[in-house]
Every structure is written in structure tokens, then in C-alpha cells.
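Novice: Quick one, structure for this:
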Amino acid sequence: MEDLVELVSKKVGISEQQAQQAVEIVVGFLKDKLPEPLAGQIEGALEGNLSGLGDLGDMAGGLLGKK
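Specialist: Here you go, the predicted model:
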């Protein structure tokens, strides 16, 4: 998640502390709104575990009515 915070800080031009808060808010929102399997994969990706992300697109497509 540190990489994402640094990226947000640089791209938006805000402090890393502000970027950390913004990222935590967005991640919290996604975890609340997405089904558990998808939310868990996002959390894993933020921690550096990218296994299982192959299914991420399929799950997101299902949420949007696509198969």
C-alpha cells in the first residue's frame, strides 16, 4: 500500500499523510461495497499478494452484468 500512497502523493501533489488518508478511505469504501471474494483480493493486492487477481476481471464483469 506504501507504493500506492506514494503514487497518489506525487500525482495529486499532496503530502504522504494526506495520501495515506485518501487511500484508506477508498480502500475502506471498496471493501464495504464489493462482495467478499473481490474485497479480499483487493486487500491481498495492496499487501503485495497478486495471486488470484486473474479472477478479478471476471468478478468485476459479473458485477457490471457481463459474463
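Novice: List the buried residues for the host helix or strand of Leu7?
Specialist: Under the criterion of DSSP states H and E, Leu7 resides in helix 2-12. Neighbour-count burial for helix 2-12, with 16 or more other CB atoms under 10 Å as criterion, is recorded at Leu4, Val5, Val8, Ser9. Quick note: C-beta positions are derived from backbone N, CA and C, even for glycine.
Novice: who touches the last one in this structure?
Specialist: Spelled out, that is Ser9. With contacts defined as CB atoms under 8 Å, 6 or more residues apart in numbering, Ser9 is in contact with Ser15, Glu16, Gln18, Ala19.
Novice: And the pLDDT at the second one?
Specialist: Going back to what we said before, that points to Glu16. Here the pLDDT value assigned to Glu16 is 97.
Novice: tell me the contacts of it?
Specialist: Counted by CB under 8 Å, 6+ apart, Glu16 has contacts Val5, Glu6, Ser9.
Novice: wait, isn't Leu30 in contact with Gly40?
Specialist: No: judged on CB atoms under 8 Å, Leu30 makes no contact with Gly40 at a distance of 11.1 Å.
Novice: Contact partners for the residue minimising distance to the centre of the chain?
Specialist: In the chain, the residue lying closest to the centroid (CA atoms, centre = their mean) is Ile42, at 4.9 Å. Ile42 sits next to Val27, Leu30, Lys31, Leu34, Leu56 when contact means CB under 8 Å, 6+ apart.
Novice: helix, strand or coil for it?
Specialist: helix (DSSP: H, G, I helix; E, B strand; the rest coil).
Novice: Tell me the spatial nearest neighbour of Gln20, not counting adjacent residues.
Specialist: Among residues not flanking Gln20 along the chain, Val5 sits closest, at 5.0 Å (CB to CB, 6 or more residues apart in numbering).
Novice: Please determine how far the one you found is located from Glu36.
Specialist: 25 Å (CB to CB, to the nearest Å).
Novice: hang on, the earlier thing: let me have the contacts of Ile42 in JSON lines, adding pLDDT and neighbour count as columns.
Specialist: Formatted as JSON lines, those follow (pLDDT from 0 to 100; neighbours: other CB atoms under 10 Å):
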{"residue": "Val27", "pLDDT": "92", "neighbour count": "16"}
{"residue": "Leu30", "pLDDT": "90", "neighbour count": "14"}
{"residue": "Lys31", "pLDDT": "88", "neighbour count": "14"}
{"residue": "Leu34", "pLDDT": "90", "neighbour count": "16"}
{"residue": "Leu56", "pLDDT": "54", "neighbour count": "15"}
